[in-house]
Each structure stands twice: as structure tokens, then as C-alpha cells.
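J.: need a 3D model of the sequence below.
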Amino acid sequence: MAQFTLYSHVPGPNGWTVAFLLKALGLTYETKFLDFGANEQKSEAFLKINPNGRIPALVDHQNNDFTVFESKACLVYLQLKYDTENRFSTGSTAEQQAELAQWLYFQASGQGPYFGQATHFKFIAPEKVPYAINRYEQETARVFSVLERVLSTREYLVGDEVTIADLSFVSWDHFALTKLLPEDIDAEEKFPSVVAWHKKLTSLPYVAEALKEREELVAAQKK
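T.: Predicted coordinates:
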């Protein structure tokens, strides 16, 4: 039996963020991809795991089936409990922990919601609302501008190595850099440091492996 069960969604970005760290730490897991069309994320069985009815959720079978939901909380749990070499965090001082936390919170409150709304209004909403599309395209550009300002002066968001802060941005950026910006913005020209950072992250073996799995599963669903 795998140590973890990861509840996720094939095209959705948030579950894959957790998969990156599970793979990086060599932890065994089984992914259960929920069918949103069948509303499985709102089933009574899943609501017992995540009362918010969203993915991801993670169950640790070797820790009395401890369950955690929200992708950033999953990352924090895995890092604190299983990253024994502290590869994906930073120092233990209050200042260092706050610096790490601020980027996790920025991803959860800034990148994820705005990129999600941009995706909805550009590609999913039955009615094209120009105001909404423009608003969230501009917010996408704003989020990238924040990252660009920081990454133009350093290689990673916190410290000198990849942390869970960096990994938390990958799956949304992978889509947004080519799909969510306003048409008059070229990502490589406007946000070169972000693009370079993203390429470094996606070249990491555990990230590349997860993204390849996602690509293959999405392609299979379209057949």
C-alpha cells in the first residue's frame, strides 16, 4: 500500500503542486483523480476528507490516516514531517520562516485566485465578458510583475535553493505564461527572470515527471 493517497484533478494545477514534493522526497503515493463532471468533489465521502469540497487533499496512511487539505498546507506538512534534510525549506528563525510563508500566502491569495478567474472568464464562462477578461489578464500581469521584481535580483524566492515556495507557483505558471496574459504582453520580453526561473523549475526531474504525467492524462481525456 502506498504511504499517501492524493486526491487531485487531472487538468487542475493545485494537486500537481503536491505531487512535485511527494516525488522529490521519494514518498510513495496513489493519486485518485476526482471527476468534477460527476461532482465527486462534493460527495459525502470526499467532504469527510475535505469539508471544502476542493482538491487537493492528502491522506498519510502511515500517520494514522492524518488528512490535510489545501495545497500549501499539504506542502508545509510534507516538508516539516518528511523533509529530514530540510532541502525544501529555509532556516528556523522567525524571520526566515516568515519569508517562506509570505510567498506561500502570496501564491494562495494572489496567484491562484487571479489566475483561476482569468482561466474561467477566458476559457470556461458561457458568456465572454470583456471587462472580466481584461481585469484578470491585468491581474495576471501584475502578479508576474511582483515575481519579476524579486527574481531579477535572486535565483529563487527564498534563499539560494529551491523551496516549497518556488514549487507552489510552477503548475499555474506553466499555463499562465502562454495562455493568460494580455495579447500585447510577451512573457519572455516583459518577465525574463520569471521565465528563466520557471524553466529551471520545470527542468527538475521530479517536476518534469509530474508535468509529463499530467500532459499524458489530459491528452487521454480528450480522446
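
J.: quick one: Y77 and L58 touch, right?
T.: Yes. At 7.2 Å, Y77 counts as touching L58 under the criterion of CB atoms under 8 Å. C-betas here are computed from N, CA, C, even on glycine.

J.: would you mind splitting this structure into its domains for me?
T.: Using automatic domain parsing, the domains assigned to the chain come out as 4-87, 94-206.

J.: any idea how far apart the tips of the first one sit?
T.: Distance between the two ends of domain 4-87: 20 Å, counting by CA to CA, to the nearest Å.

J.: and it, how far out from the chain's middle?
T.: When distances are taken as CA atoms, centre = their mean, to the nearest Å, domain 4-87 is centred 12 Å away from the chain's centroid.

J.: hmm, back to that, of all the domains of the chain, which one comes closest to V218?
T.: Checking these against V218 by CB to CB gives domain 4-87 as the closest, at 5.5 Å.

J.: give me the average confidence score over that closest one.
T.: For domain 4-87, the mean per-residue pLDDT is 97.

J.: now swap in stretch 153-166 and tell me
T.: For stretch 153-166, mean pLDDT rounds to 96.

J.: how far does that stretch stretch from one end to the other?
T.: 15 Å.

J.: okay, Y77 and L58: which has more neighbours?
T.: With other CB atoms under 10 Å as the criterion, Y77 and L58 differ in neighbour count, and L58 comes out ahead with 27 against 19.
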